[in-house]
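Trainee: need the 3D shape of this:
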Amino acid sequence: MKKLFFISFILILIQFNTFSQTGWYWQHPYPQGNELNAIQMDGSVGWAVGALGTVMKTTNAGNNWEIVDLGTFETLNGVTRNTYGEIWIVGDNGLIIYSSDHGVTWIDYTGLTTENLNSVSFVYGACTWICGDNNVVLKTTDGGENWDIFNPGFMLDLNSIDHFDCYNAWAVGDEGLIISTTDGGTTWTSHATPTSWDLYSIDLTEFSYYRACGQAGTIIHSTDQGSTWQIEYQNNNYNLYNVDTRGIYPHAYAVGSDGTILETTDDGVSWLPKVVYYIPNFNDVTWQAIDYNVYVVGYYGVVYKNSGIGTEFELQNEGNRLWIQSVEFLNENTGWAAGGDPGWGGTTDGVFMRTTDGGSNWEELSFSTPLNALDFINENEGWIVGEDGTIKHTMNGGQSWGTQSSAVTTDLTFVSFVDENYGWAVGDYSEIINTTNGGAAWTSQPNPAPSDLYSVCFVNSTTGWAVGFDSTLIHTTDGGASWVRQVTNASSGFRFTDVFFINELRGWIVGIYGSIFLTTDGGVSWEEIPSGTFTDLYSVYFIDNYNGWITGNFGLILRTRDGGLTWQEQFSQVEANSLYSVCFVDTLNGWIVGEGGTIIHTTDGGGVVNVKNEDDEFSIPKEYFLSQNYPNPFNPSTTIRWQQPETGLVTLKIYDVLGNEIVTLVNEEKSVGIYEINWNANKLSSGIYFYQLKAGSFSQTKKMILLK
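Mentor: Purely as a prediction, here's the structure:
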């Protein structure tokens, strides 16, 4: 045991529900859609915490929630409170935050340990117990002024802790570990366990009936104050992350992965599933003693509430949690979004959303088929496409929709219209269909690439591009009567997810593994641009020749101000949800949509970038990267670009096909940054050449073609 006397502390003043309209902020679901890991209710007041420092508070039994900013982006894993206004929150990297005045002011005790802290217990007494990874346990008896830090000695992560008083506490962890102390934590005893699965939650009741739950749907219990444990329930189809007894002895709930909510009303003899509409992973369940309400939280910020034994759980915070696949705005006020969920969440519904106030409020229409993309040519007329060849058309801004016959049954993934007559849609199995009369009739077009297509972009009635699987990039100059496959520098089997052209010459492609390609000659040649990430990218949008945004997995947003030559990451406020579509109406006002009903908005172009140099906004390179020369083939000059994450000697040399050195372009020390150099080969003959970059331990060679 380590005794720590913690004298200094930090006061964090909180102002509720005061969003600064800078950067990106949540519009849907409300108030946010990041994962929630824990919830604690006491009467009408409750707190929920989760990913990216998320803290939510309710004062009316969960009917409404507001965001509380504690000034951290750490993942928060546990929260507990009492009726006297004391609140404890714990999280990753040793985060501990405490309030003694109902959350008006906070004390930060972070730093007692660097381990992730997974659970905090404070309900049943004056002591506060905390447990976490690598076998760490902490305890305070005086609101954090003094701390005991224990290492029970079992060398496993501890996932949950519960206690009766300052002397008696229990914890569970990986590999079925169950431990307890009766002397305030000085010594710990390991108990025989009927399972080797990881245990994630323990619940002690005053009736000597203890429960724990964990992997493989395991629930174990003890009826003799923990002396012996037996398997009560098991189901290999899911994991259970929390179990809680309702207070009325026979009644308890357990929650877990794949939308699992289990209820027992007969003291665990039988556990029956409860059905909810959206079924993400659920991380915590708690009951509120006064009204016996039960609350469940989990992925996408969901909060479900059960108002009585045998009643159904109802979603408390606003907004659907379907996948929003596409977004478009005409101006700062008028916009649409569409999506759905092909199989996730127990539903195959589609959803169309419409706003006339910039996204502050959204009207929803349900469809029986998931929707993948939309396109509007003005505030009244638009199209949406989706699964099974679905095409819908509206003439009143989306208030009502009619069905158009697409003549295909494959899933349609994208749609692009240039006016009220000319439009194209693409989809699975290399499908391309076209209309010249607003969708009254759709006809198939030939595709030279037999691969799924994910995006199509037309700049006028004749000129367009489409991209898809297997590095597919096709181009037409006759409205799609004929398509020609163009070549980028991507390897075979690559997957391009989106294409966007601002005019007939300048365009961008994004795809998996953080790939970005740029052309300024209509696709005759493409330059691979370093993105600084290997995260899959899904959508690219430019408002002019210089200002563009890209979205991807795990809440990723990239921003460029130089036409896509360099990209910087922006803070999205989204921790894990994939972002599928982006749209801007000017350089300031934009919207992004994605997984779990995500809609975020910015009024300042997305704010500052995540990582900055002292003198500018450009990203600090995280790795070495040598771009393909641009253009390629070239005549007679070409540009070579590279980035380096550290200062050192750099050499850049040109060789012919026999390995003879032609010229040394760079041979000097370079600092961290992004560089480019132009090489003129007017004195050389046509042929294949190679350029090689060496910097530190990095060495890479690429091929280029001089074509006179």
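Trainee: can we go C-alpha only for contacts and neighbour counts from here?
Mentor: OK.
Trainee: please pull out the lowest mean pLDDT helix or strand from the chain.
Mentor: strand 11-13 (a mean of 36; mean pLDDT, DSSP states H and E).
Trainee: strand partners (parallel or antiparallel) of the following helix or strand past it?
Mentor: Taking DSSP states H and E as the definition, the helix or strand that follows strand 11-13 towards the C-terminus is strand 24-28. Sheet pairing of strand 24-28 (DSSP bridges) gives strand 598-602 (antiparallel).
Trainee: who does the following helix or strand past the partner strand pair up with?
Mentor: Downstream of strand 598-602, the next assigned helix or strand under DSSP H and E is strand 625-626. Sheet pairing for strand 625-626, assigned by DSSP bridges, gives strand 637-644 (antiparallel).
Trainee: contacts for the partner strand, please.
Mentor: Residues outside strand 637-644 that contact it (Cα atoms under 8 Å, 6 or more residues apart in numbering) are 621-632, 671-682, 695.
Trainee: try it again with 7 Å
Mentor: With Cα atoms under 7 Å, 6 or more residues apart in numbering as the test, strand 637-644 has contacts from 621, 623-631, 672-681.
Trainee: stretch 533-550 too?
Mentor: Contacts of stretch 533-550 (Cα under 7 Å, 6+ apart): 497-500, 502, 510-514, 551-553, 557-563, 580-584, 586-587.
Trainee: where do the strands of the stretch 251-400 of the chain begin and end?
Mentor: 252-256, 261-264, 272-273, 282-288, 293-298, 303-306, 313-315, 323-329, 335-340, 350-355, 363-367, 371-376, 382-386, 391-394 (DSSP state E, counting those that start in this stretch).
Trainee: redo those as TSV? Include distance to Thr410, mean neighbour count and mean pLDDT.
Mentor: Shown next, in TSV, are the strands of the stretch 251-400 of the chain (distance: least, Cα to Cα, whole Å; neighbours: other Cα atoms under 10 Å; pLDDT from 0 to 100):
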stretch	distance to Thr410	mean neighbour count	mean pLDDT
strand 252-256	35	27	96
strand 261-264	35	21	95
strand 272-273	35	13	95
strand 282-288	34	26	93
strand 293-298	34	26	95
strand 303-306	36	22	95
strand 313-315	34	19	93
strand 323-329	17	27	97
strand 335-340	16	28	97
strand 350-355	16	22	96
strand 363-367	17	15	95
strand 371-376	12	28	98
strand 382-386	9	26	98
strand 391-394	11	21	98
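Trainee: got the ones you listed as JSON lines, with distance to Ala38 columns?
Mentor: Formatted as JSON lines, the strands of the stretch 251-400 of the chain follow (distance: least, Cα to Cα, whole Å):
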{"stretch": "strand 252-256", "distance to Ala38": "12"}
{"stretch": "strand 261-264", "distance to Ala38": "15"}
{"stretch": "strand 272-273", "distance to Ala38": "21"}
{"stretch": "strand 282-288", "distance to Ala38": "5"}
{"stretch": "strand 293-298", "distance to Ala38": "7"}
{"stretch": "strand 303-306", "distance to Ala38": "10"}
{"stretch": "strand 313-315", "distance to Ala38": "16"}
{"stretch": "strand 323-329", "distance to Ala38": "24"}
{"stretch": "strand 335-340", "distance to Ala38": "27"}
{"stretch": "strand 350-355", "distance to Ala38": "29"}
{"stretch": "strand 363-367", "distance to Ala38": "29"}
{"stretch": "strand 371-376", "distance to Ala38": "33"}
{"stretch": "strand 382-386", "distance to Ala38": "36"}
{"stretch": "strand 391-394", "distance to Ala38": "41"}
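Trainee: ok, the closest residue to Thr265 other than its chain neighbours - contacts?
Mentor: Closest residue to Thr265 apart from its sequence neighbours, by Cα to Cα, 6 or more residues apart in numbering: His251 at 4.5 Å. By Cα under 7 Å, 6+ apart, the contact set of His251 is Thr245, Thr264, Thr265, Asp266, Asp267.
Trainee: if we go to 8 Å?
Mentor: Neighbours of His251 in contact, by Cα under 8 Å, 6+ apart: Thr245, Glu263, Thr264, Thr265, Asp266, Asp267, Gly268.
Trainee: cool, and Asn317?
Mentor: For Asn317, the contact set (Cα under 8 Å, 6+ apart) comprises Pro29, Tyr30, Pro31, Gly62, Asn63, Asn64, Trp65, Val302, Val303.
Trainee: list only buried entries from those residues.
Mentor: Among these, those classed as buried by 16 or more other Cα atoms under 10 Å are Pro29, Tyr30, Pro31, Gly62, Trp65, Val302, Val303.
Trainee: now do stretch 227-243, average pLDDT.
Mentor: For stretch 227-243, the mean pLDDT works out to 96.
Trainee: for it, which positions count as buried?
Mentor: Trp229, Ile231, Glu232, Tyr233, Gln234, Tyr238, Asn239, Leu240, Tyr241, Asn242, Val243.
Trainee: likewise stretch 187-205?
Mentor: For stretch 187-205, by 16+ other Cα under 10 Å, it's 188, 190, 193, 195, 197-205.
Trainee: how long is that stretch end to end?
Mentor: Stretch 187-205 stretches 22 Å from its first residue to its last (Cα to Cα, to the nearest Å).
Trainee: now do stretch 74-83
Mentor: 27 Å.
Trainee: just stretch 213-220 next, same as before
Mentor: With Cα to Cα as the measure, stretch 213-220 spans 6 Å from end to end.
Trainee: if I look at the closest residue to Thr647 other than its chain neighbours, how far off is Thr533?
Mentor: Nearest residue to Thr647 in three dimensions, chain neighbours excluded: Ser671, at 4.1 Å (Cα to Cα, 6+ apart). Using Cα to Cα, Ser671 is found at 21 Å from Thr533.
Trainee: what's opposite the nearest residue to Gly648 once chain neighbours are set aside in the beta bridge?
Mentor: Closest residue in space to Gly648, ignoring its immediate chain neighbours: Glu669 at 5.1 Å, by Cα to Cα, 6+ apart. Note on Glu669: beta-bridge partners Leu649, judged by DSSP bridges.
Trainee: from memory Pro29 sits against Trp323, does it?
Mentor: No: Pro29 lies out of contact with Trp323 (Cα atoms under 8 Å); the separation is 11.6 Å.
Trainee: mutual contacts of those two, please.
Mentor: Residues within reach of Pro29 and of Trp323 at once, by Cα under 8 Å, 6+ apart, are Gly597, Thr598.
Trainee: I figured Gln325 hits Ser578, correct?
Mentor: No: using Cα under 8 Å, Gln325 is not in contact with Ser578, being 10.0 Å away.
Trainee: any shared contact partners between those two?
Mentor: Gly594, Glu595.
Trainee: quick one, phi psi at Phe554?
Mentor: phi 60, psi 40 (degrees, to the nearest 10).
Trainee: neighbours of the closest residue to it other than its chain neighbours, how many?
Mentor: Sequence neighbours aside, Ala576 is the residue nearest to Phe554 in space, at 4.1 Å (criterion: Cα to Cα, 6+ apart). Residues within reach of Ala576, counting by other Cα atoms under 10 Å, total 18.
Trainee: one more: Asp266?
Mentor: 12.
Trainee: residue contacts, Thr435?
Mentor: Asn421, Tyr422, Gly423, Trp424, Ala441, Trp442, Thr443.
Trainee: next one: the residue nearest to the third one when sequence neighbours are not counted from Glu328, what distance?
Mentor: The reference is to Gly423. Of all residues not flanking Gly423 in the chain, Phe417 sits nearest, at 4.0 Å (Cα to Cα, 6+ apart). Phe417 is 13 Å from Glu328, where distance means Cα to Cα.
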